[in-house]
Structures are given as structure tokens and as C-alpha cells.
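*Asks:* 3D, please:
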Amino acid sequence: MLILNTLSDLSNLCTNELSVQYGDSALSFLKDLFTNTKNGLYNYYNSTNSTEIFYDVLQYIIIPLLLLIVSIFIYLLITKRYRYQKRSLLRIELDITSDNFLTELIFSNFSKAEIDSKIEEYKKTAIFKKKWFKKIILNKIISIKQNINEVDPNFLLKIYKSFGFDRYSKKLILSRNWKNKLVGLNHYQILGYKIKTGYIRPYLNKPKNKYLNSNALIAMIVLSDEHFELIANYKRKISKADELKILNIIYSKKANLPKNISTWLYSENSAIVTLAIKLMVRYRKALTLDEIKQLMNYDSIKVKNETLLAIRLLFIFEANDYLIEYYETIENIETKISCLKTFAVIGDDSSKKFLTKFLEQDHIDVKFQLIKTINKLDCHYFETYKTNNGTEVSIVEKILLHVNNPYIN
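*Replies:* Predicted coordinates:
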């Protein structure tokens, strides 16, 4: 009955509209059509049981509709696959032609005027107006800079600017999206666009985005000649990965150690202090005893452990007496183990006598390093070692087996 009522409402609506626009003839025709349809459906419902109606609906409506949907879906899949293959072939072709064009530009002896002319002509092609294709060309230029050392970086930078990619990179850096900013910073850094450091400097300390801060710092170290001053004034934390990048950049530049490196040790930024210690080790500049005392009282476990490592690597024997005094104040297990390793390098008889007082301490990792250190300072000490604690003797013997033969499990 719902269908019949709907047909009646639709008939009234259509006849009212058509009577205004097309006159009585159209009105009469539509009335007859809806009346006949309504009567036919009414007679059909009255003369047919519900099971037959269900099968008719299934046969003439639902199944054809499902077939139509499946056919459309298959058509769309085939169309999508065809378009994908077509785009793939186009990209391969464009990849080859762009490689050939860039190779010709870079490795042929063209004058600057000829290069500018060829690039301008290339920029007029229809495909170059597509943003995605411009990105392909830009990425190829960056890839050449990263992977081919024989190419003159200044010449590659000229090609980069001739294409207008410098404006694109600037637009990325000045955008509101921080991820776009990182992409732009990366362009300047890799291509060595030094004159544009003014766009990078504001991101060193002001933004609260740690990724933007660290990438700006690395970019500035690469592009600027005042990299040491930049590090000294940096106020943010530096991750382990960024620390390694910074050290690698400085080493590759073969820069001289700054004369004021000692002032870095008093920085409130523990990352700067750690970098200073690493640089002093790299350039073989020894820490003074006063500097060691200051660093061992710094409020950072990482700084303390880095200082102990520096003492070992630089063989600062003058620190032995101070570390004997300092050892009993250490609470951190990692720092205590590092200090024991340092005694093994710079220690003497006074260190050995001092450390033997702690042989019966409980922490097994500290105990292992303690026995290893004493054995390093005096390989005959444990031959005459005695104690009333039988368990202690057994533990010491087992540790000595490991110390003397690291392959024992």
C-alpha cells in the first residue's frame, strides 16, 4: 500500500506541474499512465501471494541491480589499472628524458648563456608546468649533488636557480606547515645555498618544534662558517643522532678547535657540554683538573660519564686522586662502573688499595668491574686474596675466570 500511496502523491505532483507548463493534453496522458500503473500494481498485489512477489522482486530488481553494481566495479578496476599502467609508462619515459637532459646540461661544455637558454626552453614544455614533474627534476638535482662528487657544486647550484627551484624552496621555508619547512631547509643544506642562511637562522631557538630546531641547527652548521658559535649559543636539547651528525660535519670540515672551547664546559645546556667534551677528545685537548671537578659535579649523568670516558681516552693521570675521593659519593650504577673503568686506565697502587675495600659489595655488575679493575692494576692480587666468606671467594673465582677468559659462559 505504501507504493500505491506514493504513486498517488507523485501523480498529483506531476499533474499539477504539467498542467501549468504543457496544458490539458499532457495532463490527461499522465493521469491515464499513473492510473493504469496504480491499477496494475493493485491487481498484481491482490492476485499474487507474498512468496511469488518476493521471487519476482529478487529476479527483476535485486539480481539485476547486483549485476549492475558488480559490472560497474569491474569496469572501474580495469579503468584504474589501465590508467596506472599508462602513468607508469609515462613516468618511465619522462624519467629517461629528464635524466638525459640533466646529463647533457651537467657534463657538456655549454656556456652559461647556452645553459640558461636550454633550461628556459625546457621550462616551456607542457609537462614541466606540472608540479609533480618539477619535484622530480628537483629531486634528481639533489640526488646528483649527494651521489656524484665530480660535479662542481656551484655549477649545480646555478642549474637549481635557473630552474627557479630556489623560489620554491623559499616558499616551503616560509610556509606555515613545519614539514614543508623541513623540506625547504633540506634543499638549502644539501645544495649548499649559503647566502640564504638568513631564512634559516630564526628557526634555531624560537619555534617550539624540536624537529625544526635541530634541522635548522644542522643546516646552519653546514652552511655557515661560524658553526662553533652557533653551537655555543644553542639553547635546545640535542638528540644523540643529531649530535653524531654535528660531529661528523665538523670533522669533515676539518675546522680548528675554537679557543674558547673551555667556556662551553660551563654551559647550562648539557648537550653543549657533552659536545665540548667530545670535541676536546677528538682534538686531543686534555681537561684540566678544575674542569674535571666542575664536570663531575654537573647535574647530568651523561656529562659525568662522558667526562670519565674523556679521562680514559686522554690518559689524564692527574685525575686519579680526585676520583678516589669522588668514588664514594657516586650513586648511579652506570657512573660507578664507568669510574671503575677509568681507574683501570689511570689508576696506581693507591687506587688498588682504595678499591679493595669494596670487594664485598652486593651489586654484581659493579662487583664484576671492580674485580676486573683490581686485576688490571695488579694481576697477582687475587692469588693471595683471602676472606672468611666462602660464598664470596667462590664468586670472586668465577668472575676472575670470566675476566681472564671472556669466552667462558
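*Asks:* Residues contacting stretch 129-148, please?
*Replies:* 94-95, 98-99, 102, 106, 127-128, 151, 153, 156, 159-160, 163, 165, 168, 187, 190-192 (Cβ atoms under 8 Å, 6 or more residues apart in numbering). Heads up, the C-betas are built off the backbone N, CA and C, glycines and all.
*Asks:* Let's see the distance spanning stretch 375-394 from one end to the other.
*Replies:* 16 Å (Cα to Cα, to the nearest Å).
*Asks:* so how far is it from its chain's centroid?
*Replies:* Centroid displacement of stretch 375-394 relative to its chain, using Cα atoms, centre = their mean, to the nearest Å, is 51 Å.
*Asks:* follow-up on the earlier one: in helices, which of the contacts of stretch 129-148 fall?
*Replies:* 94-95, 98-99, 102, 106, 153, 156, 159-160, 165, 168, 187, 190-191 (DSSP state H).
*Asks:* Pick the one among these closest to Asp321.
*Replies:* Nearest to Asp321 out of the ones in helices among the contacts of stretch 129-148 is Ile190 (Cβ to Cβ; 50.2 Å).
*Asks:* quick one: the closest one from Ala216, how far?
*Replies:* Distance from Ile190 to Ala216, counting by Cβ to Cβ, to the nearest Å: 14 Å.
*Asks:* Can I have the buried ones of the ones in helices among the contacts of stretch 129-148 as a ChimeraX selection?
*Replies:* Remark: buried members of the ones in helices among the contacts of stretch 129-148, expressed as a ChimeraX selection using 16 or more other Cβ atoms under 10 Å:
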select :98,102,106,156,159,160,165,168,187,190,191
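*Asks:* Please tell me how far the closest residue in space to Lys352 that isn't next to it in sequence sits from Arg201.
*Replies:* Nearest non-adjacent residue to Lys352, counting by Cβ to Cβ, 6 or more residues apart in numbering: Leu377, 4.4 Å away. Counting by Cβ to Cβ, the gap from Leu377 to Arg201 is 52 Å.
*Asks:* okay, those two: which has more neighbours?
*Replies:* Per other Cβ atoms under 10 Å, whichever of Leu377 and Arg201 has more neighbours is Leu377, with 19 against 14.
*Asks:* correct me, but that one touches Leu340?
*Replies:* No - the pair Leu377 / Leu340 is not scored as a contact, 10.6 Å apart, by Cβ atoms under 8 Å.
*Asks:* which residues do these two both contact?
*Replies:* Joint contacts of Leu377 and Leu340 (Cβ under 8 Å, 6+ apart) are Leu355.
*Asks:* and the next element down the chain from the one helix or strand Leu275 maps to?
*Replies:* Per DSSP states H and E: Leu275 is located in helix 270-282. Sequence-wise, the next helix or strand downstream of helix 270-282 (DSSP H and E) is helix 289-296.
*Asks:* Show me what counts as buried in that following helix.
*Replies:* Buried-residue list, helix 289-296, by 16+ other Cβ under 10 Å: Glu291, Ile292, Gln294, Leu295, Met296.
*Asks:* what's the neighbour count on the residue nearest to the second one when sequence neighbours are not counted?
*Replies:* This points to Ile292. Of all residues not flanking Ile292 in the chain, Ala319 sits nearest, at 5.2 Å (Cβ to Cβ, 6+ apart). Using other Cβ under 10 Å, Ala319 has 26 neighbouring residues.
*Asks:* What pLDDT is listed against Ala319?
*Replies:* For Ala319, the model assigns a pLDDT of 95.
*Asks:* and Val281, what is it in contact with?
*Replies:* Val281 neighbours (Cβ under 8 Å, 6+ apart): Leu309, Ala310, Leu313, Leu314.
*Asks:* Output the below-cut-off pLDDT ranges for the stretch 51-200 of the chain.
*Replies:* Filtered on pLDDT under 70, the stretch 51-200 of the chain yields the residue ranges 53.
*Asks:* what two of the ones in helices among the contacts of stretch 129-148 have the greatest distance between them?
*Replies:* Pairwise over these, using Cβ to Cβ, the maximum falls at Leu94 and Pro153, 26.0 Å.
*Asks:* related to what we said a few turns ago, for Val273, see how far away the residue nearest to Lys352 is.
*Replies:* Counting by Cβ to Cβ, the gap from Leu377 to Val273 is 30 Å.
*Asks:* try Ile195
*Replies:* 33 Å.
*Asks:* Tell me the secondary structure of Pro207, please.
*Replies:* Three-state call for Pro207 (DSSP: H, G, I helix; E, B strand; the rest coil): coil.
*Asks:* any idea how far it lies from Arg201?
*Replies:* Taking Cβ to Cβ, one finds Pro207 at 12 Å from Arg201.
*Asks:* now Glu306
*Replies:* In terms of Cβ to Cβ, Glu306 sits 29 Å off from Arg201.
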